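Peer 1: 3D, please:
(one chain, ligands or ions: 2)
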Amino acid sequence: MSTHICATCCLKFHLQAELQSSQVPGSKYNYNSAILRTRLERLLRERELRKSNRSSHPNEEVRDGNRDVDVFGDGPLSTEGDNWQEEFLEGIAAARELADGCERKDGQPAKQRLLVVANRLPVSAVRRGEESWALEMSVGGLVSALLGVNDFEARWIGWAGVNVPDEIGQRSLTIALAEKRCIPVFLDEEIVHQYYNGYCNNILWPLFHYLGLPQEDRLATTRGFQSQFDAYKKANQMFADVVNEHYEEGDVVWCHDYHLMFLPKCLKDYNNEMKVGWFLHTPFPSSEIHRTLPSRSELLRSVLAADLVGFHTYDYARHFVSACTRILGLEGTPEGVEDQGKLTRVAAVFFPIGIDSDRFIRALELPQVKDHIKELKDRFAGRKVMLGVDRLDMIKGIPQKILAFEKFLEENPLWRDGVVLLQIAVPTRTDVPEYQKLTCQVHEIVGRINGRFGTLTAVPIHHLDRTLDFQALCALYAVTDVALVTSLRDGMNLVSYEFVACQASKKGVLILSEFAGAAQSLGAGAILVNPWNITEVAASIGYALNMPADEREKRHHHNFMHVTTHTSQEWAETFVSELNDSIVEAQMRTRQIPPLLRTRDVLQCYLQSNNRLLILGFNATLTEPVDAPGRRVDQFKEMELKLHPDLREPLKKLCNDPKTTIVVLSGSERSVLDKNFGEYSLWLAAEHGMFVRPTKGEWMTTMPENLHMDWVDSVKVQDVLLHVFEYFTERTPRSHFEPRETSLVWNYKYADVEFGRLQAKDMLQHLWTGPISNASVEVVQGGRSVEVRAVGVTKGAAIDRILGEIVHNKDVKAPIDYVLCIGHFLPKDEDIYNFFEPELPAGLATTARANIGNPVNGSASNLPIGRNGFRARCSNAPYKSFPNSDKGTSSNGNGAGWWSKMRDRFTLQEGSSVLDLKSENYFSCAVGRKRSSARYLLGSSADVVSLMKELAEVS
Ligand SMILES: O=P(O)(O)OC[C@H]1O[C@H](O[C@H]2O[C@H](CO)[C@@H](O)[C@H](O)[C@H]2O)[C@H](O)[C@@H](O)[C@@H]1O
Ligand SMILES: O=c1ccn([C@@H]2O[C@H](COP(=O)(O)OP(=O)(O)O)[C@@H](O)[C@H]2O)c(=O)[nH]1
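Peer 2: Ligands and ions are numbered 1, 2, ... in the order given. The predicted model follows:
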């Protein structure tokens with residue numbers, strides 16, 4: 001392993017170096033493309049290293065092989081004193097001793113400390129006396145897979161499968177488990193009942209396997225679900241407490257499975273620096289299934305607290321991302337799920353789980369296994385052996401399998417003496433009523449079929465309700481002609497991998513359900529079936545039993561290659577290495593996120609200033625949030641923008657402060673602003689500043705003369721635009737379009753996100769390349785909107801005209817020495833933040849000075865009036881127009897140099913500067929965004945409300 005860890009470390013340093021280089025001032029580092037390039041390069045390089053490592057250390061396998069012979073070769077696993085786990089876990093212990101600082105004694109780099117947290121420990125404890133414990137191996141794919149993971153300094157945290165109410169018992173079991181590097185989480189009977197049997201196995205498990213939620217007929221049961229959910233949260237917190245107790249800085253914490261969906265959040269709440277990964281071993285269902293779960297959002301959000309989320313297959317990952325976009329309204333990207341700049345990496349392609357294939361291959365050479373094989377061959381001589389190995393779980397499709405076998409026997413009388421089905425059905429979750437019912441059902445079917453086709457000396461089905469030890473299982477796999485996996489849904493299904501690993505000489509056939517994750521990896525070599533189609537499965541049994549040797553060989557070869565290269569070791573290494581990298585990448589992203597606005601600074605500077613300018617956006621800045629937590633977005637209410645009621649008083653107070661001028665600058669129409677702000681003494685700027693209304697006065701247009709508005713004039717262009725917008729609105733449910741006086745906005749915020757995005761793509765394509773592609777309009781792409789405006793219309797471009805008017809109106813008499821500009825603006829409009837940015841770098845106490853003078857009054861230039869709806873309303877619009885203040889200049893407010901150009905053209909009445917702004921008195925702030933060119937951030941309009949309240953208080 002050492003070589004691989006080296007590769008991972010190298011990459012980390014490489015990424016870190018890139019991170020450092022990205023911090024060099026002026027560096028033009030593009031982190032996105034760098035990450036992608038690096039990841040691919042790393043994966044290719046790691047693959048190469050793995051290959052060369054395999055060929056250059058052939059002896060290692062022999063050594064490991066010997067260890068495994070000892071580990072797994074000593075009879076039944078459940079006997080006290082067996083040394084299988086000891087040996088396996090000793091390997092981990094040895095790794096720990098070797099890990100000394102950064103370097104091991106042999107000069108190799110230290111192993112990464114890994115805390116594996118899963119509901120079940122690899123061992124289940126059985127109490128033999130007050131302080132005496134026997135440890136038995138737990139059954140299930142998760143345990144099997146993680147047993148193959150040796151090359152970390154790992155500790156396993158989980159439940160030992162037993163209730164230990166007394167302190168003596170807890171202490172002695174903790175000691176017994178510590179030797180195996182296992183740390184117990186003690187769950188009492190009630191919690192196990194509610195959390196494990198209840199929420200995990202009666203709700204999440206069936207739901208994630210498409211069996212739906214339990215149907216209820218009593219309110220009491222519904223209340224029961226609530227207490228199960230509470231117990232689930234409580235149990236997750238108990239796991240978190242144990243992790244926190246044992247966590248050391250730099251550890252990787254790897255959480256497993258649907259039992260622990262709250263764990264990532266609990267861990268991050270405790271320590272945000274923790275490296276947390278979460279892997280789901282079951283399918284993640286379609287978002288349509290997940291959305292039926294009452295706690296759907298809470299669970300998704302908690303998982304998203306992890307740094308990396310992994311799945312067996314691309315489909316499961318896709319469903320998860322889709323649930324996050326559709327249910328939580330977050331952005332799904334090829335990298336994962338993004339929530340306001342915080343990315344949770346979601347991946348599947350790197351992580352198909354595997355098995356420790358060598359362990360199975362080597363086991364076949366053990367004398368005990370060879371004896372088993374001989375016994376089995378003798379016992380079933382003259383008959384083909386078919387095998388099923390499953391936990392007795394409804395997802396495994398055991399009844400369907402047996403019925404298909406019955407159908408095969410029914411239709412093929414000649415095979416009745418020639419084939420036997422051995423079904424190992426491992427008892428599982430026996431306290432859950434559904435599992436008890438299933439046991440009875442299976443017994444009944446088996447009994448009936450054996451009665452129907454059995455003879456005095458032989459039965460067609462051998463059904464065992466028990467666990468087999470490893471050697472017996474390997475022997476069974478080896479003698480099997482046809483393995484039958486008929487899961488109705490299965491996260492992966494490792495039994496199919498194990499079967500393939502043990503078939504090097506026999507080259508038997510695998511019949512595999514297309515609904516098992518394994519169908520994606522072993523699909524080319526297996527015969528894929530739909531387990532619900534009994535006829536198809538029966539026919540496949542016939543095909544498999546009669547398959548010619550050369551076809552069997554080819555199919556086997558394909559699967560064998562996969563199973564021996566995609567091992568559990570590789571799975572874990574890749575996951576941990578991806579997790580380490582995701583964290584470095586996240587740091588790179590975080591560095592680009594502006595800091596939160598500190599109210600104290602805002603207030604302090606506000607108090608010390610003499611003439612303040614407050615520029616406020618409206619939508620999502622001053623509006624009432626209608627999608628309060630726990631409530632779904634109410635489109636009907638939200639579409640009508642309303643001033644946050646808590647802002648009324650503070651706003652009034654601020655407006656009355658003679659030292660403060662307030663401008664509400666919005667994309668909304670004049671009527672919307674009138675309705676919300678009519679009563680306040682503040683400046684209004686509608687449609688991105690195309691219209692301005694002074695504190696006391698009427699609306700005016702501020703349209704620059706050089707602005708091309710001919711598209712608004714052109715009947716042809718308007719017709720086309722309206723047609724396009726109407727077309728997409730009609731075809732995208734819950735989307736709507738707003739015809740404003742100088743722009744058109746199509747909004748799909750409430751539509752299905754994925755469909756909306758596709759539609760937007762089509763619309764953009766059409767606008768860019770269709771009949772209006774030559775019109776002088778700008779097509780602006782928003783997060784969930786498409787907007788058409790005149791070229792050059794932005795909030796940044798409008799602010800100088802608005803300021804010109806303010807000065808002209810004599811509202812500003814002394815130089816402005818304080819600017820607070822807050823908004824939830826589109827990237828296109830974020831040029832407003834740069835407008836006031838002093839010419840020297842932020843942070844230095846520099847001063848921006850400008851003179852805004854009297855704009856020369858000129859002739860009115862009325863907005864042209866068209867005949868169509870969205871413009872027709874202009875015809876009666878009572879607005880006064882005045883010449884723009886930036887005649888003949890580019891009205892681009894983009895930062896440096898702008899003021900120096902303006903300086904000579906504008907002055908206050910008495911000739912002094914209009915703006916005397918020190919860098920530390922300038923606060924630009926983006927609301928509800930993480931990526932922004934503003935200096936600071938605020939989370940939501942609620943934070944704006946708090947800020948305004950405090951400003952009003954000191955005002
Ligand atoms: O612990 P139990 O409740 O007794 O259940 C046993 C395990 O069952 C599930 O296994 C899954 O993980 C396998 C490995 O990734 C995968 O191949 C299989 O398809 C899954 O069903 C469960 O996810 C585990 O947590 C349980 O321990
Ligand atoms: O008698 C048995 C039967 C099964 N298994 C193991 O149980 C695991 C089952 O994993 P799979 O992924 O197929 O399904 P899961 O039970 O996890 O849903 C495999 O590793 C088997 O080797 C076992 O140890 N003893």
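Peer 1: doesn't Gly397 make contact with Thr486?
Peer 2: Yes: using CB atoms under 8 Å, Thr486 makes contact with Gly397 at a distance of 3.9 Å. C-beta: built from backbone N, CA, C; applies to glycine.
Peer 1: shared neighbours of the two, anything?
Peer 2: Any residue near both Thr486 and Gly397 by CB atoms under 8 Å, 6 or more residues apart in numbering counts here, and that gives Ser513, Pro531.
Peer 1: element containing the closest residue to Leu596 other than its chain neighbours?
Peer 2: Excluding the flanking residues, the one nearest Leu596 by CB to CB, 6 or more residues apart in numbering is Leu937, at 5.5 Å. Leu937 belongs to strand 936-938 when elements are defined using DSSP states H and E.
Peer 1: and the longest helix anywhere in the chain, what other elements does it pack with?
Peer 2: Criterion DSSP state H: the longest helix present in the chain is helix 219-246. Using 3 or more CB pairs under 8 Å, 6 or more residues apart in numbering; DSSP states H and E, the elements in contact with helix 219-246 are strand 113-120, strand 153-159, strand 182-184, helix 189-191, helix 263-270.
Peer 1: Spell out which residues of this structure are next to ligand 1.
Peer 2: Contact residues (CB under 6 Å from any ligand atom) of the chain with ligand 1: 120, 140-142, 145, 257, 281-282, 353, 428-429, 490-494.
Peer 1: Can you turn the buried part of these into a PyMOL selection?
Peer 2: Buried residues among those (16 or more other CB atoms under 10 Å), as a PyMOL selection:
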select buried, resi 120+140+141+142+145+257+281+282+353+428+429+490+491+492+493+494
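Peer 1: Name the nearest of the residues of the chain next to ligand 1 relative to ligand 2.
Peer 2: Proximity of the residues of the chain next to ligand 1 to ligand 2 (CB to the nearest ligand atom) peaks at Gly141, which lies at 2.3 Å.
Peer 1: What residues does the protein have near ligand 2?
Peer 2: 139-142, 144, 389, 391, 424, 426, 467-468, 473, 492-495, 498.
Peer 1: could you pull out the strands for the stretch 501-650 of the chain?
Peer 2: Using DSSP state E, counting those that start in this stretch, the strands of the stretch 501-650 of the chain run over 509-513, 527-529, 612-616.
Peer 1: Looking at those, which one is packed in the most?
Peer 2: Using mean count of other CB atoms under 10 Å, the stretch among the strands of the stretch 501-650 of the chain with the largest mean neighbour count is strand 509-513, at a mean of 27.
Peer 1: outside of that strand, which residues touch it?
Peer 2: With CB under 8 Å, 6+ apart, strand 509-513 has contacts from 397, 481-488, 490, 493, 496, 499-500, 518-519, 522-523, 525-531, 537, 540-541, 544, 547, 552, 555, 559.
Peer 1: Recalculate using a threshold of 6 Å.
Peer 2: For strand 509-513, the external contacting residues (CB atoms under 6 Å, 6 or more residues apart in numbering) are 482-487, 496, 519, 526-529, 531, 540, 544, 547, 552.
Peer 1: Just checking: what are the partner strands of it?
Peer 2: Strand 509-513 sits in its sheet next to strand 482-485 (parallel), strand 527-529 (parallel), going by DSSP bridges.
Peer 1: Please state the mean pLDDT value computed over the strand or helix carrying Leu142.
Peer 2: Assessed by DSSP H and E, Leu142 sits inside helix 141-147. The average of the pLDDT scores along helix 141-147 is 75.
Peer 1: could I have that helix exported to PDB, CA atoms only?
Peer 2: C-alpha atoms of helix 141-147 as PDB (Å, rounded to 0.1, in the frame of the first residue of the first chain):
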ATOM      1  CA  GLY A 141     -21.700  -6.700   2.600                       C
ATOM      2  CA  LEU A 142     -20.600  -3.600   4.500                       C
ATOM      3  CA  VAL A 143     -18.600  -5.700   7.000                       C
ATOM      4  CA  SER A 144     -17.200  -8.000   4.300                       C
ATOM      5  CA  ALA A 145     -16.000  -5.000   2.200                       C
ATOM      6  CA  LEU A 146     -14.400  -3.200   5.100                       C
ATOM      7  CA  LEU A 147     -12.600  -6.300   6.200                       C
END
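Peer 1: okay, and for the stretch 751-900 of the chain, where does confidence drop off?
Peer 2: Counting by pLDDT under 70, the low-confidence segments of the stretch 751-900 of the chain come to 838-900.
Peer 1: returning to that earlier point: can you lay out the strands of the stretch 501-650 of the chain as CSV showing distance to Arg648 and mean pLDDT?
Peer 2: Output for the strands of the stretch 501-650 of the chain, formatted as CSV (distance: least, CB to CB, whole Å; pLDDT from 0 to 100):
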stretch, distance to Arg648, mean pLDDT
strand 509-513, 62, 98
strand 527-529, 65, 98
strand 612-616, 14, 96
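Peer 1: Export the ones you listed as TSV, with columns for distance to Ala798.
Peer 2: Compiled in TSV, those are given as follows (distance: least, CB to CB, whole Å):
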stretch	distance to Ala798
strand 509-513	62
strand 527-529	61
strand 612-616	10
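Peer 1: Contact partners for Val139?
Peer 2: Contacts for Val139 (CB under 6 Å, 6+ apart) come out as Val426, Thr467.
Peer 1: Show me the shaky parts of the stretch 1-150 of the chain.
Peer 2: 1-40, 42-43, 46-47, 50-51, 53-110, 141, 148.
Peer 1: Enumerate the beta-bridge partners assigned to the most centrally placed residue in the chain.
Peer 2: Geometric centre of the chain, nearest residue: Val337, 4.1 Å, by CA atoms, centre = their mean. Assessed by DSSP bridges, Val337 has beta-bridge partners Gly332, Thr344.
Peer 1: Please report how far it lies from Thr325.
Peer 2: Note on Val337: its distance to Thr325, by CB to CB, to the nearest Å, is 8 Å.
Peer 1: for Ala504, same thing?
Peer 2: As for Ala504, its distance to Thr325 is 45 Å (criterion: CB to CB).
Peer 1: Which one of those two is surrounded by more residues?
Peer 2: Taking neighbours as other CB atoms under 10 Å, Ala504 and Thr325 compare with Thr325 leading, 20 against 14.
Peer 1: Can you name the residues that contact the residue in the stretch 501-650 of the chain that ligand 1 sits nearest to?
Peer 2: Proximity of the stretch 501-650 of the chain to ligand 1 (CB to the nearest ligand atom) peaks at Gly517, 6.2 Å away. Applying CB under 6 Å, 6+ apart to Gly517 gives the contacts His312, Thr313, Gly491, Met492.
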